[in-house]
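Undergrad: only geometry, no sequence info:
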Ligand SMILES: CCCCCCCCCCCCC/C=C/[C@@H](O)[C@H](COP(=O)(O)O)NC(=O)CCCCC
Ligand SMILES: Nc1ncnc2c1ncn2[C@@H]1O[C@H](COP(=O)(O)OP(=O)(O)O)[C@@H](O)[C@H]1O
Ligand SMILES: [Ca+2]
């Protein structure tokens, strides 16, 4: 619980005809009702008891702390979570807002209360959602009122992490094709309230945003980039931004061995796509208003990025899922069904589950050493994650050392491990990949910014066992606690499909593959007969990769989001807490 610190201002003001002691410090705005009469307050007593067990201090962020036995209503809002302050001007018995809309206040507030101002602030709702709440304070002295408004504005202006100018890209075709409407109706009005100016580009074709960022955008004019769309659209944005940053810093973005320069501009994601995994896994919800508020308050969350190369040739970057086999096949199949919208993934998911293809190949990986945390532990990456801080620090020390000793990550160091086999899926999750389909995600203990990715190998098994594994993504059971699954936390990995391994293997496989393709043509309508293709494709944050043999390297904390990681749930929402009755 944040302490108020030195008071900048303290007055008696009125809120809805009741007297309040209101105070402002650099960190908190507090309004506390003036009363001493013990009155039983019946409102939601169920939530009062656990709240008090955990937090004896009767001051809660934004929302009132309700004591069951006496009315002692005290609200507090961190100054960092105030969106804006607005003067209410009186005219003909009504008050006019700064934005021109009218509000009847005078009758409600009583005749003496002539001056008023409204504070808009972040209020937390269920399941990590944020809303914009407001409270109107009135007082009889105009000078006092204006002093309050200017003091709050000064505090907001002194916060340098808040963006003032944003470059916004909207994909009008993502998800259910609602991107433009979501931005105009839910997000733009909030940006206006917060005094943020925007330059908006509605994309006209795929890769429009990427190419604009790479070559045209005047990035110096902006404090951040906002992406309205799904994971594919976010991928466009990071490709443009990372590329541009490397060119500006004189780094060769094509080389798999180069240490990439971190991007200074933060990226905000307004979810308007089909899976919205990157937003969900970094905020805890895929709600456009919540994302807009995280942008406004100037949150910052570093994020790991994987670079993917094929034979030393750059292919793509990935921040969430790199999936071969099941997720690659689901994506390839679903692309032909875009007209179905987000439901295409359910259809193709079921189809690919029934098809039950497996793929042969060799996976080699460099285990992440010296880090804290494992993919099977119970810790979760949450706001202010200590694992990300610790491992992130370790990474920056390692990369300094790496620059001096180029061979430290190479095969010659002998740390690489190799696994050959038949796999239903090979997944690398650089974050949990939580999404509405699987709220705990593909790798629940993965971290947003620890410089590693969780490599999950699903070996060939029966359909029944694969279904058990998949179903555990949606329950409390551990999806890795199965004999055919292994998971490793790695810094780097490579995959080579079997048919690419050696000339003799290649000949054998080409022969086998052509045989299989003939059969798969014949057996097209009988996918369960086992005539599988020899290779799948990679699903790279929802984009299909053109090559199967890849070399993947994690670049710790290469980009930053306007987010703060998933916040711990309040006690009454955390069902695993015994106090939460
Ligand atoms: C029988 C019940 C099975 C439930 C299994 C649920 C497992 C779901 C894990 C999903 C992980 C998703 C990782 C994110 C991938 C996205 O980047 C990608 C593109 O998203 P977008 O651009 O917004 O369309 N989405 C997918 O690849 C969809 C995977 C769906 C798999 C069923
Ligand atoms: N104007 C546009 N027309 C067609 N495709 C676009 C346009 N803008 C972006 N795209 C592409 O649309 C794809 C899907 O976008 P995304 O926003 O991720 O939606 P979804 O989550 O439904 O896949 C991305 O690959 C992106 O490059
Ligand atoms: Ca990570």
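TA: Perfect, I can see it now. Keep in mind it's a predicted model, so treat the numbers as computed, not measured. Residues are numbered from 1 along each chain as shown. Ligands and ions are numbered 1, 2, ... in the order given.

Undergrad: mind listing the strands for the stretch 101-250 of the chain?
TA: Here the stretch 101-250 of the chain has its strands, by DSSP state E, counting those that start in this stretch, at 102-103, 115-124, 130-139, 165-170, 197-202, 224-229.

Undergrad: by how many degrees do the last one and strand 165-170 diverge?
TA: Yep, that's strand 224-229 we're talking about. Between strand 224-229 and strand 165-170, the angle comes out at 20 degrees (axes from the mean of the first three to the mean of the last three CA atoms, to 10 degrees).

Undergrad: Is ligand 2 within reach of strand 224-229?
TA: Yes. Judged by CB under 6 Å from any ligand atom, strand 224-229 and ligand 2 are in contact via residue 229. All C-beta atoms are positioned from the backbone trio N, CA, C, and that covers glycine.

Undergrad: Report the separation between residue 138 and residue 329.
TA: Computed with CB to CB, to the nearest Å, the distance linking residue 138 and residue 329 is 63 Å.

Undergrad: Residue 310 now?
TA: For residue 310, the distance to residue 329 - CB to CB - is 19 Å.

Undergrad: Just want to know which of those two has more residues nearby.
TA: Neighbours per residue (other CB atoms under 10 Å) separate residue 310 from residue 329, with residue 329 holding more: 26 against 17.

Undergrad: What is the neighbour count of the nearest residue to the more buried one once chain neighbours are set aside?
TA: Closest residue to residue 329 apart from its sequence neighbours, by CB to CB, 6 or more residues apart in numbering: residue 352 at 4.6 Å. Using other CB under 10 Å, residue 352 has 24 other residues around it.

Undergrad: so which of the strands of the stretch 101-250 of the chain is the most packed in?
TA: Of the strands of the stretch 101-250 of the chain, the one with the most neighbours on average (mean count of other CB atoms under 10 Å) is strand 224-229, at a mean of 27.

Undergrad: So the closest residue to residue 134 other than its chain neighbours versus ligand 3, what's the distance?
TA: Distances taken as CB to CB, 6+ apart put residue 120 closest to residue 134, at 4.8 Å, once the chain neighbours are dropped. Taking CB to the ion, to the nearest Å as the measure, residue 120 and ligand 3 are separated by 35 Å.

Undergrad: Could you do residue 474 as well?
TA: When residue 474 is compared with ligand 3 (using CB to the ion), they lie 22 Å apart.

Undergrad: How confident was the prediction at that residue?
TA: Model confidence at residue 474, given as pLDDT, is 96.

Undergrad: and if you look at residue 396?
TA: 74.

Undergrad: Helix or strand: which one has it?
TA: Residue 396 is part of helix 386-404 when elements are defined by DSSP states H and E.

Undergrad: didn't the residue nearest to residue 134 look like it was pressed against residue 152?
TA: No. The criterion here is CB atoms under 8 Å, and residue 120 misses it with residue 152 at 10.5 Å.

Undergrad: ends of stretch 318-326, how far apart?
TA: 18 Å (CA to CA, to the nearest Å).

Undergrad: What average pLDDT does it get?
TA: 98.

Undergrad: Is that stretch in proximity to ligand 1?
TA: Yes. Applying CB under 6 Å from any ligand atom, one finds stretch 318-326 in contact with ligand 1 at 320, 321.

Undergrad: can you start the count at 283 instead of 1 from here on
TA: Understood, numbering begins at 283; the last thing we discussed is stretch 600-608.

Undergrad: does that stretch come close to ligand 2?
TA: No. Stretch 600-608 stays clear of ligand 2 (CB under 6 Å from any ligand atom), getting no nearer than 11.6 Å.

Undergrad: near ligand 3 at all, that stretch?
TA: No. Stretch 600-608 is not in contact with ligand 3 by CB under 5 Å from the ion; minimum separation 8.7 Å.

Undergrad: Could you check how far that stretch is from the centre of its chain?
TA: Centroid displacement of stretch 600-608 relative to its chain, using CA atoms, centre = their mean, to the nearest Å, is 17 Å.

Undergrad: same question, stretch 650-667
TA: Between the centre of stretch 650-667 and the centre of its chain there are 17 Å (CA atoms, centre = their mean).

Undergrad: for stretch 553-560, same thing?
TA: How far stretch 553-560 lies from its chain's middle: 10 Å, per CA atoms, centre = their mean.

Undergrad: how long is it end to end?
TA: End-to-end distance for stretch 553-560: 9 Å, by CA to CA.

Undergrad: Any part of it near ligand 2?
TA: Yes. With CB under 6 Å from any ligand atom as the measure, stretch 553-560 is seen reaching ligand 2 through 555, 556, 557.

Undergrad: tell me, how many neighbours does the first one end up with?
TA: Other residues within reach of residue 555, judged by other CB under 10 Å, total 27.

Undergrad: correct me, but it touches residue 515?
TA: Yes. In this structure, residue 555 is within contact of residue 515 by CB under 8 Å, at 6.4 Å.

Undergrad: starting at the chain centroid, how far to stretch 495-513?
TA: On CA atoms, centre = their mean, the centre of stretch 495-513 falls 17 Å from that of its chain.

Undergrad: Oops, could you answer that again for stretch 552-572 instead?
TA: Here stretch 552-572 is found 6 Å from its chain centre; the criterion is CA atoms, centre = their mean.

Undergrad: Find residues that contact each of residue 555 and residue 515.
TA: The contact sets of residue 555 and residue 515 overlap at 453, 456 (CB atoms under 8 Å, 6 or more residues apart in numbering).

Undergrad: what about residue 675, neighbour count?
TA: Using other CB under 10 Å, residue 675 has 12 neighbouring residues.

Undergrad: scratch that, residue 680
TA: Neighbours of residue 680 (other CB under 10 Å): 18.

Undergrad: any idea how far it is from residue 462?
TA: Distance, residue 680 to residue 462, by CB to CB: 44 Å.

Undergrad: now the residue in the stretch 533-682 of the chain positioned nearest to ligand 3: how far from ligand 2?
TA: Distances between the stretch 533-682 of the chain and ligand 3 by CB to the ion are smallest at residue 586, namely 4.1 Å. Noted for residue 586: a distance of 20 Å to ligand 2, by CB to the nearest ligand atom, to the nearest Å.

Undergrad: quick one: secondary structure of that residue?
TA: Following DSSP: H, G, I helix; E, B strand; the rest coil, we place residue 586 in the strand state.

Undergrad: Residue 837 is in contact with that one, correct?
TA: Yes. Counting by CB under 8 Å, residue 837 is a contact partner of residue 586 at 6.8 Å.

Undergrad: residues shared between the contacts of those two?
TA: Jointly contacting residue 586 and residue 837 under the rule CB under 8 Å, 6+ apart are residue 733.

Undergrad: Comparing the two, which residue is more hemmed in?
TA: Shown here are residue 586 and residue 837; by other CB under 10 Å, residue 586 has more neighbours (26 against 22).

Undergrad: how about the residues of the stretch 583-732 of the chain near ligand 1?
TA: Counting by CB under 6 Å from any ligand atom, the stretch 583-732 of the chain comes close to ligand 1 at 602, 603, 609, 612, 613, 627, 631, 715, 717, 719, 720, 724.

Undergrad: again, 8 Å this time
TA: 602-603, 605, 609, 612-613, 616, 624, 627-628, 630-632, 635, 711, 715, 717, 719-720, 723-724 (CB under 8 Å from any ligand atom).

Undergrad: I am finished for the moment; much appreciated.
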